[in-house]
Each structure stands twice: as structure tokens, then as C-alpha cells.
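A.B. asks: no sequence on this one, just coordinates:
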């Protein structure tokens with residue numbers, strides 16, 4: 001059995017970006033790709049991650065790798081394998097980098113297991129990666145590969161998608177664990193400057209914010225009938241026409257259909273005319289789904305109509321997140337303890353991951369039908385669900401943490417200074433539900449902001465500069 005699996009990504013035509021980004025940005029992208037292709041001189045770009053589905057990293061790689069293929073640049077994406085203990089260790093690292101000390105510090109036994117697991121993966125990677133190839137390792141799960149790949153002649157950069165802009169004993173412990181593994185890397189990429197550990201050499205640090213693809217199944221335009229039909233098909237919406245089409249365009253350009261249903265816990269269902277508050281995220285403690293439920297139950301539901309949908313992936317489908325089932329179970333217990341009238345207006349939805357594109361179309365429909373989108377995270381590396389919601393011209397109520405701060409500019413959403421302030425969250429949501437005019441104005445401004453700042457062409461240009469620097473050793 002192979003430990004390292006290739007992820008096949010269909011080529012995406014970059015020409016379709018032109019109507020969205022404009023002629024000037026499109027020309028710059030093509031010009032940069034031509035120049036970069038000439039400098040590659042037979043090298044291949046490799047992305048190495050821990051999962052091909054579930055979460056923003058996998059989704060961004062589907063988009064970026066597809067567009068790089070479309071630009072005729074040689075690129076590959078592979079996924080490593082870990083056992084349950086390995087992913088428990090890396091989940092603790094993830095939480096510690098976010099300042100959460102749960103589980104305590106990692107000891108020598110965990111360090112040895114982490115190194116052994118990645119050493120086994122490195123053996124297989126070295127059968128594929130050639131000297132001079134460019135390797136981008138993603139997140140703590142892959143950091144321990146840097147030394148082996150660099151010693152074999154690969155030019156290695158490590159991409160960290162998570163972080164906080166402050167430090168405590170938990171963050172220091174995590175970085176202390178990872179620091180020896182990262183010494184061999186030639187570049188370090190972060191989503192925000194504030195996340196960079198002080199010990200990293202500044203000349204090797206690159207700040208590259210994430211991006212969205214406006215044509216992905218998660219973000220492409222869907223008309224109202226299709227949105228309602230998809231939500232009816234997955235079991236979230238009541239009263240929609242059962243025979244409406246549920247089609248969307250897949251990542252490879254083929255036509256897809258939403259055929260699967262979601263697992264929905266709820267005693268009632270909204271109709272097409274009911275206001276809907278939606279948070280979509282992993283079942284991760286830092287996303288604070290229980291807090292969203294509590295804020296809605298206490299401060300939104302008593303003041304008027306509307307439903308809350310908390311949606312996340314099926315917990316068996318995300319290999320590198322062993323806490324998901326536990327968080328979902330806690331949410332279910334909390335939901336059962338709510339008063340009957342409130343409980344009937346809250347739905348817990350797990351979306352199947354059997355088909356990644358179909359899952360994305362479900363998320364798309366949920367966000368497009370939402371009146372308000374929430375992202376009340378306690379900590380957030382970047383939180384690309386915010387940009388995705390903004391792209392759909394929906395007002396977002398988000399915590400003023402991490403990359404959410406960068407995404408929600410003045411007039412494009414509502415930032416919550418304290419994500420644990422349930423009353424402030426409820427007041428912001430209620431305000432938008434009660435004033436459709438303001439909600440619409442904020443949504444339009446949000447869409448324009450994402451178009452200017454968070455589309456994929458800018459992401460690709462920044463990576464081109466990083467890889468060019470790796471090739472020249474600067």
C-alpha cells in the first residue's frame with residue numbers, strides 16, 4: 001500500500017477569469033506565466049498536503065493547481081498518509097499554534113512518532129521528486145518532510161495556513177516542536193505578517209493571502225431556482241419544487257447534479273421565504289459552532305423570525321481532523337437541551353464528502369440562500385468562508401480574529417471585537433435581519449472588495465515570485 005497518493009486535478013482555462021478580473025490583470029497573469037515557464041527549465045512544482053478533501057487548503061489547491069495546469073506549467077499535488085496517532089499529534093499542534101493548550105505539551109514520544117511517520121512518507125516522495133524540483137509543503141502535518149527533501153536537492157518552502165498574532169505557552173510549545181523540522185526550508189509562507197515567528201529570517205518569509213475561484217462549484221453563479229432545488233434535495237428547505245434542476249458545473253467543466261442528501265438534525269425546516277442565518281465550517285472547536293447556536297438561541301430567535309443552519313462536512317470524511325466527531329456530538333447535545341420553540345428553528349447539517357464538487361455546490365446553495373452569513377471563530381488562520389460569502393453579496397458577521405480582520409473592510413461586513421460576546425453577535429445578526437436595505441448594501445460592497453483583493457490571479461502571481469526566488473536562491 002502506498003503512503004503517498006497523487007491527487008488528479010483537471011486543467012482550468014484561465015481565459016474565463018478575464019471577464020471578472022479585467023483585461024489588465026489578465027494580461028499580467030499571462031505575461032508572468034510565460035516568463036516563469038521559461039525559467040522552470042524542466043523542473044516540476046510539487047504541493048504536499050495531508051488531505052485532498054475537507055477544508056480550505058484542499059479547496060484552494062484544487063483551484064490553484066487547476067489554473068497552473070491551464071497555464072501549461074508542470075505541477076503536481078500529492079497527499080501523505082498518517083495513522084490516528086499522527087493526526088492526533090498534528091491536531092494538537094494546530095490547536096497550539098492557535099494558542100489552545102488542550103492536551104498539554106507534546107513530549108519525546110510524540111516527537112519520535114511524528115518524525116517516523118513522515119520519514120516513511122519521505123521515502124516514497126523521493127522516488128518522485130527530482131533534484132531542483134520546487135516543493136511547497138502545507139501546514140504542520142508536512143513540516144517534518146523538509147529536511148529529507150532538501151537534502152535530496154529539492155528547493156523546499158513551507159506554507160503555514162494557520163496562526164495567531166499573539167503568543168503564549170501553547171504557541172511557543174508548538175513552534176518549539178516544529179522549529180527543528182523547518183530549518184532546512186528555503187522559504188516560509190504565511191497568510192498574515194502577524195503570524196510569522198520572530199526566529200524566522202525575514203528575507204525568507206513571504207506573505208501570501210489565500211484566494212477564491214469565482215468559477216468553482218462553491219462560488220459559481222446559481223440561479224434562485226437551482227439554489228432552492230439543491231437545498232430541498234439535501235433536506236434543508238421545505239416547500240421547494242421537487243422537480244427543479246440541481247445542476248452545476250464541475251471543476252473539470254462537466255455538468256454535475258446534486259443527487260445526495262445531507263444528514264439534517266432539526267425539528268422544522270425553513271421555507272423559501274424565511275430569513276436564514278448560515279455558518280459553514282469544519283466541526284472544529286475554534287470555529288465555535290456551539291457559540292453561534294447559543295448566540296442565535298438567546299439573542300436572535302426571541303426577537304423575530306428566521307432560522308439558523310450550522311453546516312459542516314461529514315465527520316468521517318476529513319482524515320486529518322480527529323476532533324470533528326466530538327464537536328458535532330457536543331453540538332447535538334446542546335441542541336437537544338434548547339427550548340422547543342427555539343430548537344425548531346436551528347438545523348445541524350452534515351454534508352457528504354463522497355463527491356467534492358457536489359459538496360461544494362451544496363455549500364454554494366446554502367450561502368446564496370442565506371440572509372446573513374456568520375463566521376464567529378475563536379481563532380482563524382484566514383477563514384476563507386468569509387470571502388466566499390462576501391463573493392455571493394451576502395453580509396457577513398465575523399469575529400475580529402486572524403484573517404477575518406483582513407477580509408472585512410469598513411462597510412463590507414460586521415466585525416465582532418469579542419467572539420465570545422453572544423449578545424453583540426445576536427445584535428449584529430438581528431440588525432441585518434431587520435434591515436434588508438443595509439444588508440443588501442453591505443453585500444454589494446463585500447462582493448466588490450473580494451473581486452479586488454481575493455481572486456486567484458493575485459494568488460498565482462505571488463506564488464510565481466516565491467518560486468522564482470527559490471530557483472535563484474534569493
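C.D. replies: Structure's in. What do you need? All values derive from a computational prediction rather than experimental measurement.
A.B. asks: residue 438: how many residues sit nearby?
C.D. replies: 12 (other C-beta atoms under 10 Å). Where you see a C-beta, it was placed from the backbone N, CA and C, and this is true even at glycine.
A.B. asks: check which helix or strand it maps to.
C.D. replies: If you go by DSSP states H and E, residue 438 is part of helix 436-453.
A.B. asks: and the chain, what are its domains?
C.D. replies: 5-211+456-472, 224-453 (automatic domain parsing).
A.B. asks: between those domains, which one is closest to residue 218.
C.D. replies: Residue 218 sits nearest to domain 224-453 of all the domains of the chain, at 3.8 Å, using C-beta to C-beta.
A.B. asks: now do the contacts for residue 252.
C.D. replies: Counting by C-beta atoms under 8 Å, 6 or more residues apart in numbering, residue 252 touches residue 10.
A.B. asks: got the confidence number for it?
C.D. replies: At residue 252, the model reports a pLDDT of 82.
A.B. asks: again, but for residue 317
C.D. replies: So residue 317 comes in at 56 (pLDDT).
A.B. asks: now residue 449
C.D. replies: 97.
A.B. asks: now do the contacts for it.
C.D. replies: Here residue 449 is in contact with 390, 407, 409, 412 (C-beta under 8 Å, 6+ apart).
A.B. asks: of those, buried ones?
C.D. replies: Buried positions within the contacts of residue 449, assessed by neighbour count (16 or more other C-beta atoms under 10 Å), are 390, 407, 412.
A.B. asks: so which of those residues belong to helices?
C.D. replies: Among these, DSSP state H puts 390, 407 in helices.
A.B. asks: just the closest of the buried ones among the contacts of residue 449 to residue 195, please.
C.D. replies: Of all the buried ones among the contacts of residue 449, the one sitting nearest residue 195 is residue 407; the distance, using C-beta to C-beta, is 15.0 Å.
A.B. asks: next one: that closest one from residue 382, what distance?
C.D. replies: Noted for residue 407: a distance of 8 Å to residue 382, by C-beta to C-beta, to the nearest Å.
A.B. asks: residue 256 too?
C.D. replies: 27 Å.
A.B. asks: compare those two (neighbour count), which wins?
C.D. replies: The neighbour comparison of residue 256 against residue 382 (other C-beta under 10 Å) goes to residue 382, with 25 against 18.
A.B. asks: got the contact list for the more buried one?
C.D. replies: 56, 161, 191, 192, 209, 210, 402, 403, 404, 406, 407.
A.B. asks: ok, and the closest non-adjacent residue to it?
C.D. replies: residue 403 (3.3 Å; C-beta to C-beta, 6 or more residues apart in numbering).
A.B. asks: and for residue 264?
C.D. replies: Nearest non-adjacent residue to residue 264 (C-beta to C-beta, 6+ apart): residue 235, at 4.5 Å.
A.B. asks: and for residue 348?
C.D. replies: Nearest non-adjacent residue to residue 348 (C-beta to C-beta, 6+ apart): residue 265, at 4.2 Å.
A.B. asks: what's the neighbour count on the one you found?
C.D. replies: 16.
A.B. asks: correct me if wrong: it contacts residue 333.
C.D. replies: No - counting by C-beta atoms under 8 Å, residue 265 does not reach residue 333; the two are 11.1 Å apart.
A.B. asks: mind listing the shared neighbours of these two?
C.D. replies: With C-beta under 8 Å, 6+ apart, residue 265 and residue 333 have no common neighbours.
A.B. asks: and the next helix or strand past the helix or strand bottoming out on mean pLDDT in the chain?
C.D. replies: In the chain, no helix or strand scores lower on mean pLDDT, DSSP states H and E than helix 56-70, which sits at a mean of 91. The first helix or strand that comes after helix 56-70 along the chain, using DSSP H and E, is strand 75-79.
A.B. asks: state the mean pLDDT of that next one.
C.D. replies: 97.
A.B. asks: ditto for stretch 420-438
C.D. replies: Here the average pLDDT along stretch 420-438 is 97.
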